Structure formats: C-alpha cells, structure tokens
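Asker: Curious how this folds, go ahead:
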Amino acid sequence: MGLKIRVLQANNGDCFIFNVEELDLCFIVDCGYKITYNQQIRKNINKADFLIVTHYDKDHILGALPLLQDTPNKFQLNRIYANTPEVILSRLSWGPISIGQAISLDFLANESDVPISPLIKGEYLKFSDECSLKVLSPREEDLELYKMDIINHIEKSCGTATQISSGKFSPATVDELNKRRDSVPSIACDLSNATSIAFILTYRNKNLLFLGDSHPDIIADSLEELGYSPSNMLRLEYVKLSHHGSKKNISKRLLSIISCSNFIISTNGGSSKSRHPNPETLAKLAKLVDRNGSDTITFLFNYPVNKIENKNGLMMSDLDKTKHKVVFLEANEVVIS
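Answerer: Presented below is the predicted three-dimensional model:
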C-alpha cells in the first residue's frame, strides 16, 4: 500500500495520475494534449475520482477533451476541479490562454454530467486522516484580474513573459548561472500562469509540492502565511517544478523556505519558442535549496535526458554534476510508502 504517482509523457505538457491504494483513490492532474489521453491516460486507467485542471493552457487542458468525450461510457469521472469556472462560462475566445478549449471542456463536462468546482488558495481536501491536499494558488484577487483581462480582451504589453528562448542554451557553469538575478515576471504580466492551481499533497506526514505553472511569489506568500520561513522550512519529499523548469517560475525567495532533494521535471524539452528546463533553474536549485538531509539533489525527467539535450543543448556538465552532487534520473513513476 502507498501513494503512487505516474508522470506521464505529455510532450511539452503536464499529466500526472495519483493513486492511493488503501483509499481506492485515483485522481488526475492535467491531461497534456489529446495524444496524451489516447496514448497514455486511457492505457493506464479508465476511471478517476476527479481531475484537476491547473489552468487553461493547451499543454494542460487538451487531453481532457477526448477524456470527457469518453465519459461516462468508456471513462468514469466524478468531478473536475479548475482554477476558475467563471472564466470558462464567460463564453469568450482568446488565443493565448486557450479559452476556446476551455469552453469546449465546459460544454463536454455539462454533456457528460460532470460537475466543475473551483479550487482557490486556502481550500483543503481531506481524503483520510493520512492523506489531504492544501491549495496554495490561485488567489481570488488574481482570478478577478484574469477574468477582467479576458472580458475586456486586454493583451498586456509585457511581451512573451513565460517563453524561454528560440535557440540552444549557452554553456555556463552552475556557479555562473547562480549569480544571475531572478527572471520572474510581474504577476500582472503573467496572469494565465499566476492563476494556476498549486497544492501541497500530504500523505502519511510526507509532503509533496505540485506547482502547475504557478508564480513563485504567490507560492512564497502562501507558504509564509502558513508559517514557513528560512528558519522553519517546508520539508518535502518531492517538488514538481513549475512550468517545466522555466527560469521565469522560480525565485531565490521561494527556494529559501523549502527543503527538498527530489525535483520532478515534466517535459520533452519544450517547443521551438519555449525550451525547458532552463539550466539556470537547475543551477539555482543545486546551489541554493536545502536538501532535506540528503547529500545529493536529484532531478527526475519523464523523457530521456539525451533527447532533451540534443534539442536544447547541455543542461549541466558532468563536472558540475560531480562538484555539486547532482543526479539526473529518468523516471515515470514515484512511490511514497
């Protein structure tokens, strides 16, 4: 018995299946693309207690559409949790945040009689005395701004805040990368990701942090409100890195209040415009994060590392891996006993 998390291959997107055997509990976090459902999800399961759609970017939501088309005849789903049903119900279409797909999800959920409920910072789902989920993001005030942006068709002049680069990463050492200042955009410039659902899953007194594509300032604020600080760090078994390891979604402030030695990176290397994970993210983690009693820090990849590096360039040299005791591990499953 235990908690098993399957990190499905969703190209440059996210898709996770959580199973708690003794509770007969199964839930999905994000669905990647349509191919993710057809080639990954339905080959693993045919029912789930609920689905969490962290936000409405296409690499998180598109796989939910064929899943709902199969519900209830081929797939059983009891509920969807989303960051803001009000956005879906606005019935608007706006390209950068996949609102067209969100409307389709809402329509299919209604057709399949699957209720959609919000998950907002501070909410708490208790599955048993030993298993619960605490929501850190999104905040109500950010959701309201996000909704207004959509309603008014405002596209802010902040550029492509969440993109990385169009070329291969330039080689640099961990020490050099660690000296760079944080690249975090303002929340107002990145509302699509800043309103992403992020949560702490607690199982048998062990904590796991799943960040969706969330904003590091919002997560740090939430953790500090819960009493965590550099002198009282949140100790974690695993962290699923935000936005596939983007340097835009990590900050030294956040790293100062968490303690963890295992970091999950869900990506095949990203797209031609947004390459993931960024070596700067890995370098800052290797240098700054407390390792929760471990000598090494491990990055878990759900795609072959050599394929990611063939696409993007070297993420970290063997010399730096040895110097900073970094392990790159290819794995599609995590088990907590």
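Asker: and K206, what does it touch?
Answerer: K206 makes contacts with 237, 336, as judged by CB atoms under 8 Å, 6 or more residues apart in numbering. Bear in mind the C-beta positions are built from the backbone N, C-alpha and C, glycine included.
Asker: Quick check: bridge partners of it?
Answerer: K206 has these beta-bridge partners by DSSP bridges: Y203.
Asker: Relative to F75, how far out is it?
Answerer: As defined by CB to CB, to the nearest Å, K206 lies at a distance of 30 Å from F75.
Asker: now swap in N19 and tell me
Answerer: Relative to F75, and taking CB to CB, N19 is found at 16 Å.
Asker: just D175 next, same as before
Answerer: 49 Å.
Asker: So these two - more neighbours on which side?
Answerer: The residue with more neighbours, out of D175 and F75, is F75; 19 against 13, by other CB atoms under 10 Å.
Asker: For the more buried one, give me the pLDDT.
Answerer: As predicted, F75 sits at a pLDDT of 96.
Asker: residues touching it, list them.
Answerer: Contacts for F75 (CB under 8 Å, 6+ apart) come out as 42, 46-48, 67.
Asker: what about L285, neighbour count?
Answerer: Quick note: L285 (other CB under 10 Å) scores 26 neighbours.
Asker: Can you name every helix or strand that the host helix or strand of it contacts?
Answerer: Assigned by DSSP states H and E, L285 falls within helix 279-288. Counting contacts by 3 or more CB pairs under 8 Å, 6 or more residues apart in numbering; DSSP states H and E, helix 279-288 packs against helix 174-178, helix 252-255, strand 297-301.
Asker: What's the local residue count around G2?
Answerer: G2 - counted by other CB under 10 Å - has 12 other residues nearby.
Asker: give the contact list for it.
Answerer: When contacts are counted by CB under 8 Å, 6+ apart, G2 touches 20-21, 335-337.
Asker: Of the residues you listed, which is the most crowded?
Answerer: Neighbour max across the contacts of G2 (other CB under 10 Å) = V20, 22 neighbours.
Asker: shouldn't that residue be in contact with L3?
Answerer: Yes. Here V20 lies in contact with L3, judged by CB atoms under 8 Å, at a distance of 5.3 Å.
Asker: Name the residues contacting each of those two.
Answerer: With CB under 8 Å, 6+ apart, V20 and L3 have common neighbours 131, 203.
Asker: mind listing the helices for the stretch 1-150 of the chain?
Answerer: Secondary structure of the stretch 1-150 of the chain (DSSP state H, counting those that start in this stretch): helices located at 34-36, 42-44, 58-61, 64-69, 85-89, 99-111, 140-151.
Asker: Rebuild those as TSV, extending it with distance to I187.
Answerer: Listed next are these as TSV, based on distance: least, CB to CB, whole Å:
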stretch	distance to I187
helix 34-36	29
helix 42-44	35
helix 58-61	19
helix 64-69	26
helix 85-89	16
helix 99-111	20
helix 140-151	6
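Asker: can the ones you listed go into CSV with extra columns for distance to S272, mean neighbour count and mean pLDDT?
Answerer: Listed next are the helices of the stretch 1-150 of the chain as CSV, based on distance: least, CB to CB, whole Å; neighbours: other CB atoms under 10 Å; pLDDT from 0 to 100:
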stretch, distance to S272, mean neighbour count, mean pLDDT
helix 34-36, 18, 19, 95
helix 42-44, 28, 13, 93
helix 58-61, 14, 24, 89
helix 64-69, 24, 23, 93
helix 85-89, 28, 18, 46
helix 99-111, 21, 19, 71
helix 140-151, 26, 17, 78
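Asker: closest to S246 out of these?
Answerer: Distance to S246, taken as CB to CB, is lowest for helix 58-61 among the helices of the stretch 1-150 of the chain, at 12.3 Å.
Asker: Can you list the neighbours in contact with that closest one?
Answerer: Applying CB under 8 Å, 6+ apart, the contact partners of helix 58-61 are 10-14, 30-33, 53-55, 98, 101-102, 105, 212-213.
Asker: now the end-to-end length of stretch 235-253.
Answerer: Length of stretch 235-253, first residue to last, CA to CA, to the nearest Å: 15 Å.
Asker: Any stretches of the chain with poor pLDDT?
Answerer: 84-103, 149-167 (pLDDT under 70).
Asker: Which residue lies nearest the spatial centre of it?
Answerer: G212 (2.2 Å; CA atoms, centre = their mean).
Asker: Do I have it right that that one meets T195?
Answerer: No. Contact criterion CB under 8 Å: G212 and T195 do not qualify, at 9.5 Å.
Asker: gap between I17 and P115?
Answerer: 21 Å.
Asker: again, but for T36
Answerer: 23 Å.
Asker: List the contacts of the residue nearest to the centre of the chain.
Answerer: G212 neighbours (CB under 8 Å, 6+ apart): 14, 29-30, 54-55, 60, 137, 193, 196-198, 242.
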